[in-house]
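> the amino acid sequence is not available; the structure is as follows:
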């Protein structure tokens, strides 16, 4: 997905909820980022209830800062950042079943071609660590709290 030398980052949390329910919350990223809303969402609070009509992302659709390139409904979606601020950056969000519920995973590959991309990827890694952790923990908390059918 990304040419040349890459920086690979994986972030994951366990979620005490079935994969289909976690997937439904992951699809909510179409509506809001679920990270630090004062940074990512212009101060508006990300919804704490599932939004009617939000379904699987579609190839070509914009989801936050990503353009979706692949969807495996109920399992994962992948895309690229738009615009490529830190060089070409690919992301995959996945919901994996595990014995206690689910695992919510985000995998990121970012190009390190050229000095600017190398520096940018280092900045992205630290910023992403904080922002992605908050996002995954927020989605986890919401999926665990709401025990409704997806």
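Nice, thanks for sending it over. Computed from a predicted structure; not experimentally measured. Residues are numbered from 1 along each chain as shown.
> can you give me the strands in this protein?
Secondary structure of the chain (DSSP state E): strands at 6-15, 62-63, 66-72, 76-81, 89-98, 101-111.
> okay if I get these as a markdown table plus mean pLDDT, mean neighbour count and distance to residue 53?
(Each C-beta comes from the backbone N, C-alpha and C, glycine too.) Shown next, in a markdown table, are these (pLDDT from 0 to 100; neighbours: other Cβ atoms under 10 Å; distance: least, Cβ to Cβ, whole Å):
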| stretch | mean pLDDT | mean neighbour count | distance to residue 53 |
| --- | --- | --- | --- |
| strand 6-15 | 88 | 16 | 23 |
| strand 62-63 | 85 | 16 | 15 |
| strand 66-72 | 94 | 15 | 17 |
| strand 76-81 | 92 | 21 | 17 |
| strand 89-98 | 93 | 20 | 20 |
| strand 101-111 | 90 | 20 | 22 |
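> let's have these in JSON lines, adding distance to residue 33.
Output for the strands of the chain, formatted as JSON lines (distance: least, Cβ to Cβ, whole Å):
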{"stretch": "strand 6-15", "distance to residue 33": "14"}
{"stretch": "strand 62-63", "distance to residue 33": "10"}
{"stretch": "strand 66-72", "distance to residue 33": "11"}
{"stretch": "strand 76-81", "distance to residue 33": "13"}
{"stretch": "strand 89-98", "distance to residue 33": "12"}
{"stretch": "strand 101-111", "distance to residue 33": "12"}
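> and of these, who's closest to residue 31?
Of all the strands of the chain, strand 62-63 sits nearest to residue 31, with 9.4 Å by Cβ to Cβ.
> name every strand pairing with that closest one and say which way it goes.
Strand 62-63 sits in its sheet next to strand 66-72 (antiparallel), going by DSSP bridges.
> and the residue nearest to the spatial centre of the chain, how close does it get to residue 57?
Centroid check for the chain by Cα atoms, centre = their mean gives residue 93 as the closest residue, at 5.0 Å. Residue 93 sits 9 Å away from residue 57, taking Cβ to Cβ, to the nearest Å as the criterion.
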